[in-house]
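>>> For reference, the sequence and a predicted model appear below.
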Amino acid sequence: RQQTAAKMSTTGRAALSTLNGGSKVPRPKAKADPVKRKAAEDENSDASGKAVKATAPSARTAPKAVKPAVTSAAAARKPVLSRAGSRGVVGAKSTTSTAKSTGGSVAERLAQVEKLTKELKEGSLKSTAAPAKESALQRQELVEQFETERKKLEAAAQGKEAELAEVTEKMLALESKVKAAELDHVHEMSLIKATHAGELEALRTSLKALQAAHDTLEMQLKAEREQVTQLTGKITELTTESLTLNAQYRTTKATLDQANDTIAQRDAEVAELKAQITAHMQTIAEAEAKAREDEALRRRLHNTIQELKGNIRVFCRVRPSLPGEADDSSASFNLSDKELSLQAMGDANYAGKAQVKKYDFAFDKVFGPAASQEAVFEEISQLVQSALDGYNICIFAYGQTGSGKTFTMEGGMEERVRGMIPRAVAQIFESAAALQEKGWHYDIEASFLEIYNESIRDLLGATDSSKLEIRMQQAGDKHETYVEGLTVIPVQGKEQVSELLSAAARNRAVAKTDMNERSSRSHSVFRLKITGKNSMTEDSCQAYLNLVDLAGSERLAKSGVSGDRLKETQSINTSLSNLGNVIMALSNGDKHVPFRNSKLTYLLQPSLSGNSKSLMFVNVSPRDDSVPETLCSLRFATKVNQCQVGTAKRVSKKE
């Protein structure tokens, strides 16, 4: 029995030691004072409560320490909030885990107590009756100790559960605050990032611009340095050259001093020569003035001789080669002031070889290809001036197609190439204005017509050609022709006449042939009627200035025309042939001159019969293939020049 009781006592103390965390349990005394035992239980209960209370503040301390940090972080709106919140969460989690571990240990101890109590009860039942009676008191004491310990543990467990609930509640509140702080932090961070993103991008752009400017400045600096290096080298070279030039300067200065002495001597000689030159220049000027006077006198005497002879003056003009014509296709001309010599291939001899023949002609004036329009008009200016003196004037151009007749009479739009018609009109108005000082006043009327296929066309109006007829009227002791129904326009200046000439040129009949790109297909006649009156002397005069551009003669085989162009060519050749017959009859002194065989000769009858001063331009082409037509034109011009038509008289009277 003693051994069994000892064994049970040992087993109970081991169980209590296990429940107390391994501490040894003192042996139970035989008798225990109930008062002392109660005090001991109260003391153990107080100790357990103090332990629990000591543990609880530590569990509550972590949230209180975290809360101020969270509050301050939320107020400051700084990134520290996330770190403080994190520390609060960690503290709360650690407190929760501590409470859970404490609660778990209490529950385990209660489970162990119940298990041991059960084992003791079971063990007591198995033991024999004798030992049970002897150790009943010990078992009772052990059971009481177990019960006391169980109650303490239950009280501690309840305190722990309350503490755990409080800690859990605080933890949930803290977690909600942390989440709110985290949301505020995320929002604040997004605002900060959005704010600083633009600034960062602007700073990056500025940085790139500064970097580009820096690179540019670096390149410029490098270029400037290279330029400085080059300039330094040039300065060195120029310094060397300067030294060389200084030496040359000293040498040159010495030479210059010697040259100045020589120049001083030469200046005296030059002054003497200048005086001689001045004297010679004065002599030359006097000689040129006398030569001009002599030339003017020669022209006046020549005109007087021609007027006394009554001949039609003839000027020959050779046109220059056109850009499209080859130089080797030009005929051989030898020209002088009044003579023209043409070399051409003649007929074949007995051996079958063609011989070169020379043809000589003489006229009142010959103009070469280089003669300008101004030079040509200068020769006829005195003749045009005679129209203001009361003499009828007729100037007409004759020649084959493409020989330059229209260019001579009408010219171009530029001043240097103006033809005889616009230049004659300008001189008429300029001279009329100058004669106003001497009391003369002139009324001038203009008309322009063409003879096309033996019908008259009004180039300044819309008159039907069938109503235009040539009439003869008495003018003093002479007769003159006019066209009935023709448009006559009073003109006040050369600009107005230029407009009329342009309008007439657009209305004139022209066409393209194989011999001429723009061939005149009609005879054109521009007429100025000039009526003058002198208010001082009561003298008056009336004259006609006729400027005629004849259509070009052409051979049918060369012109390559057909249809209407063929009819035009036949009409042109017929009228020119009638003009030749009239010239031939005048040269032979025939009593009957066939003026009325064509409208051209009928219209020019006063000019060809001695009632006017007449001048004919014979225009010739320089082309070698035009030599036959050139010879025909030159021979016809020679006959005209030899034709005596009588002396022109001035029509004037005093009113």
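Okay, I see it.
>>> can we go C-alpha only for contacts and neighbour counts from here?
Noted.
>>> Could you check stretch 135-150 and say which residues are buried?
For stretch 135-150, burial by neighbour count (16 or more other C-alpha atoms under 10 Å) applies to 135, 138-139, 141-143, 145-146, 149-150.
>>> and G390, which of the three is it?
Classification of G390 using DSSP: H, G, I helix; E, B strand; the rest coil returns coil.
>>> Quick one: neighbours of it, just the number.
As a burial measure, G390 scores 21 neighbours (other C-alpha atoms under 10 Å).
>>> Kindly state the pLDDT recorded for E175?
Predicted confidence (pLDDT) for E175: 91.
>>> Just after the helix or strand where Q158 lies, pick out the following helix or strand.
Using DSSP states H and E, Q158 sits in helix 136-309. Using DSSP H and E, the helix or strand that follows helix 136-309 in sequence is strand 313-318.
>>> Need the contact partners of the helix or strand just after that following strand.
Next in sequence after strand 313-318, counting helices and strands by DSSP H and E, comes strand 332-335. Residues from elsewhere that reach strand 332-335, judged by C-alpha atoms under 8 Å, 6 or more residues apart in numbering: 340-344, 366, 368, 622.
>>> Save these as CSV, and put in secondary structure, distance to T531 and neighbour count too.
Output for these, formatted as CSV (DSSP: H, G, I helix; E, B strand; the rest coil; distance: C-alpha to C-alpha, whole Å; neighbours: other C-alpha atoms under 10 Å):
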residue, secondary structure, distance to T531, neighbour count
L340, strand, 39, 22
S341, strand, 43, 15
L342, strand, 44, 17
Q343, strand, 48, 15
A344, strand, 49, 19
V366, strand, 33, 22
G368, coil, 36, 17
P622, coil, 41, 23
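>>> Tell me which two in the residues you listed are the farthest apart.
Based on C-alpha to C-alpha, the longest span within the contacts of strand 332-335 runs between A344 and V366 and measures 19.1 Å.
>>> where's E379 relative to S372, distance?
Noted for E379: a distance of 12 Å to S372, by C-alpha to C-alpha, to the nearest Å.
>>> meant to ask about L301, not that
25 Å.
>>> Between these two, which has more neighbouring residues?
Between L301 and S372, S372 has the larger neighbour count (other C-alpha under 10 Å), namely 15 against 12.
>>> Okay, that one and E415: tell me how far apart.
With distances taken as C-alpha to C-alpha, S372 is found 11 Å from E415.
>>> likewise A264?
When A264 is compared with E415 (using C-alpha to C-alpha), they lie 50 Å apart.
>>> Now for the chain, the helix or strand with the poorest mean pLDDT.
Every helix and strand in the chain was compared by mean pLDDT, DSSP states H and E; the lowest is helix 34-76, with a mean of 44.
>>> still on that earlier bit, let me have the buried residues of stretch 135-150 in a markdown table, extended by pLDDT and distance to L545.
Listed next are those as a markdown table, based on pLDDT from 0 to 100; distance: C-alpha to C-alpha, whole Å:
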| residue | pLDDT | distance to L545 |
| --- | --- | --- |
| S135 | 71 | 183 |
| Q138 | 79 | 180 |
| R139 | 76 | 178 |
| E141 | 81 | 176 |
| L142 | 82 | 174 |
| V143 | 80 | 173 |
| Q145 | 84 | 170 |
| F146 | 83 | 168 |
| E149 | 85 | 164 |
| R150 | 84 | 163 |
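>>> Using JSON lines, please lay out these together with distance to E163.
Formatted as JSON lines, the buried residues of stretch 135-150 follow (distance: C-alpha to C-alpha, whole Å):
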{"residue": "S135", "distance to E163": "42"}
{"residue": "Q138", "distance to E163": "37"}
{"residue": "R139", "distance to E163": "35"}
{"residue": "E141", "distance to E163": "33"}
{"residue": "L142", "distance to E163": "31"}
{"residue": "V143", "distance to E163": "30"}
{"residue": "Q145", "distance to E163": "27"}
{"residue": "F146", "distance to E163": "25"}
{"residue": "E149", "distance to E163": "21"}
{"residue": "R150", "distance to E163": "20"}
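>>> Provide a list of residue ranges in the stretch 201-350 of the chain with pLDDT below threshold.
For the stretch 201-350 of the chain, the stretches flagged by pLDDT under 70 are 295-296, 299, 302-303, 305-311, 326-331, 346-350.
>>> what's the helix holding Q158 packed up against?
Helix 136-309 is packed against helix 2-19, helix 34-76, helix 80-126, with contacts defined by 3 or more C-alpha pairs under 8 Å, 6 or more residues apart in numbering; DSSP states H and E.
>>> the inter-axis angle of that helix versus strand 313-318?
Calculated by axes from the mean of the first three to the mean of the last three C-alpha atoms, to 10 degrees, helix 136-309 forms an angle of 140 degrees with strand 313-318.
>>> Am I right that I428 falls within a helix?
Yes: per three-state DSSP, I428 lies within a helix segment.
>>> which ones are touching it?
So I428 contacts 384-385, 388 (C-alpha under 8 Å, 6+ apart).
>>> Closest to Q276 out of those residues?
Q385 (41.5 Å).
>>> can you tell me which residues contact that closest one?
Counting by C-alpha under 8 Å, 6+ apart, Q385 makes contact with 427-428, 431.
>>> helix/strand/coil for the closest residue to V525 other than its chain neighbours?
Leaving aside its sequence neighbours, V525 sits nearest to V548 (C-alpha to C-alpha, 6 or more residues apart in numbering; 4.5 Å). Look at V548: counting by three-state DSSP, its state is strand.
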